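K.L.:
Got a sequence here, can you model it:
(chains A and B)
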Amino acid sequence: MTDIQQVRKGSTPLLILRILAEQPLHGYAIMRELERRSEGYFNMTAALLYPTLHQMEQDGLVEANWEAGSGQRRRKVYVITPRGQEQLQQGQKEWQRFFEQLFGVLNHPAKCQRAE
Amino acid sequence: MNRQEYLQRLQAELKGFSAEEQAELIEEIAAHFDDSQSDPLQQGSEARLEREMGRPEDLGRGLKAVHRPKRWLDYALVVVPEVIVFPLLSLLMALIFPFKGVELTHGQASVYWGIRMVILLEAALVGASLWLDRRQGAKGLLFFWVPATWLSIFSLCYRENRWQWRSTPNAFSFEALESLFWLALLAVIAAWLVYQLWRTRDPLLMTLALLPFLSVVGNLATNQMLLAGGFENGYTLPNWRIGWYFGLAQVVTVVWPALFYLFRQRPVRWLGLFVHAAPFALMNLIASLRYPHLIALWSLPVLLVLASWLVDGLSQQRKPAITR
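P.N.:
Purely as a prediction, here's the structure:
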């Protein structure tokens, strides 16, 4: 896995929390919303999404409730918890600081010091 | 692959979950399929849907890694060999090769074959741990049996005094080639273990793997002191301690893996490691009052658990919340 893939994977729970902070959603809708907001950049597979959601449920960041969907099918809808809200705020600050520092270093004007 | 095939393959991967759990997981994924197929914006080929879903085997493995439906299997794979298989093996070896009362450690047939059988069984347990780890993540099991196997091989070479290069070779020394083989095996296992621990970088698992090495340090140091004549009247254990040792060993062998393997909460798992390390260290400390120079060695396992627990607490606090 490349470094950027690791960063993408590491940021997945935060992105999910951000989407769920606005409204409770089921897995498919989370995936589509994430894809729409990132213009297709965060196009994760179900094989990554559902284990992440279940892990977040175990960590108490989200809660899941079964709700009646269209027809006979029930859907598992995920809701952000107060703990998830807290993590979202903290995570946003941490990622923001990370990227500020990262680009601060990357965009720093290069000063070539020649040995006298 | 159509919906039906995908769900069938996923269900095959979910063995180990209860029927209700399986049904619930399948229902959630089936709903995802239905939503995708009825979404007017996402109409397309089967290939697109397949790409979007990922492999059912990967999804099943991911869910297993989260839910760990077979944690009892990890527990059984630690406790059953320790409590039943190895004691039975010792008994079997003693029956096949009755002790004639001459040499206890050098060349006695039951010891000679016994330790080889133990290594063989432990190798099988390492294989089972590797398999289980690939299927659903079982690092805890792996980091228990790999150090145990390394120490058994080390014991074969060291305790039986079989190194080719020991100062005074005896009739039971290995041939040079055999010595090289065991030495190479020890080096490979140690390198692999260090690499895996470095990749994991989890203080809990690192402590589990290092604990047996530190426990052995006390035993080795005591043996060396005995051989060097370091104790005037030998290193004798009081009778009460032998009785306690036996009873305590049985209880500890069953209790610590229960806390470590069956629970998900880190504090409980740390408690399991503390139960693993503390009782024997404390009893040896009591005995060590007669041999104060060994106190530091006997306390090493307990100190390791306490220090790692503190480091773990600090690193959990420092970690970005989202990756915790």
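
K.L.:
If you tally nearby residues, what's the number for A:E100?
P.N.:
Residues within reach of A:E100, counting by other Cβ atoms under 10 Å in any protein chain shown, total 10. Placement of C-beta: from N, CA and C, glycine included.

K.L.:
roughly how far apart are it and chain B?
P.N.:
Per Cβ to the nearest Cβ, to the nearest Å, A:E100 is found 14 Å from chain B.

K.L.:
Just the element for that residue, please.
P.N.:
Assigned by DSSP states H and E, A:E100 belongs to helix A:82-106.

K.L.:
Which residues does that helix contact?
P.N.:
By Cβ atoms under 8 Å, 6 or more residues apart in numbering or on different chains, the surrounding residues in contact with helix A:82-106 are A:11, A:13-14, A:17-18, A:20-21, A:56, A:60-62, A:80, B:320-322.

K.L.:
Also stretch B:209-222?
P.N.:
Counting by Cβ under 8 Å, 6+ apart, B:143-144, B:146-148, B:151, B:158, B:193, B:197, B:235, B:273, B:276-277, B:280-281, B:284, B:294, B:297-298, B:300-301, B:304-305 sit against stretch B:209-222.

K.L.:
Let's see that stretch as CSV, backbone CA atoms only.
P.N.:
Provided in CSV are the C-alpha atoms of stretch B:209-222 (Å, rounded to 0.1, in the frame of the first residue of the first chain):
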residue,chain,number,x,y,z
ALA,B,209,6.1,-11.7,22.7
LEU,B,210,8.9,-10.5,24.9
LEU,B,211,7.5,-11.8,28.2
PRO,B,212,8.7,-15.4,27.9
PHE,B,213,12.2,-14.3,27.0
LEU,B,214,12.4,-12.2,30.2
SER,B,215,10.9,-15.0,32.3
VAL,B,216,13.7,-17.3,31.0
VAL,B,217,16.4,-14.9,32.0
GLY,B,218,15.7,-15.6,35.7
ASN,B,219,15.9,-19.3,35.2
LEU,B,220,19.0,-19.2,33.1
ALA,B,221,20.8,-16.9,35.6
THR,B,222,19.8,-19.3,38.4
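
K.L.:
thinking again about what came up before, what about burial for the contacts of stretch B:209-222, which qualify?
P.N.:
Among the contacts of stretch B:209-222, those classed as buried by 16 or more other Cβ atoms under 10 Å in any protein chain shown are B:143-144, B:146-148, B:151, B:193, B:197, B:273, B:276-277, B:280-281, B:284, B:294, B:297-298, B:300-301, B:304-305.

K.L.:
The residue lying closest to B:S315 once chain neighbours are set aside: neighbour count?
P.N.:
Sequence neighbours aside, B:P203 is the residue nearest to B:S315 in space, at 6.9 Å (criterion: Cβ to Cβ, 6 or more residues apart in numbering or on different chains). Using other Cβ under 10 Å, B:P203 has 20 neighbouring residues.

K.L.:
B:P40 too?
P.N.:
5.

K.L.:
Return the residues in contact with it.
P.N.:
Contacts of B:P40 (Cβ under 8 Å, 6+ apart): none.

K.L.:
can you list the residues of chain A near chain B?
P.N.:
A:10-11, A:13-14, A:26-29, A:31-32, A:43, A:45-48, A:50-51, A:54-55, A:58-59, A:69-70, A:73-76, A:87, A:90-91, A:94-95, A:98 (Cβ under 8 Å from any Cβ of the partner chain).

K.L.:
Thanks a lot, see you next time.
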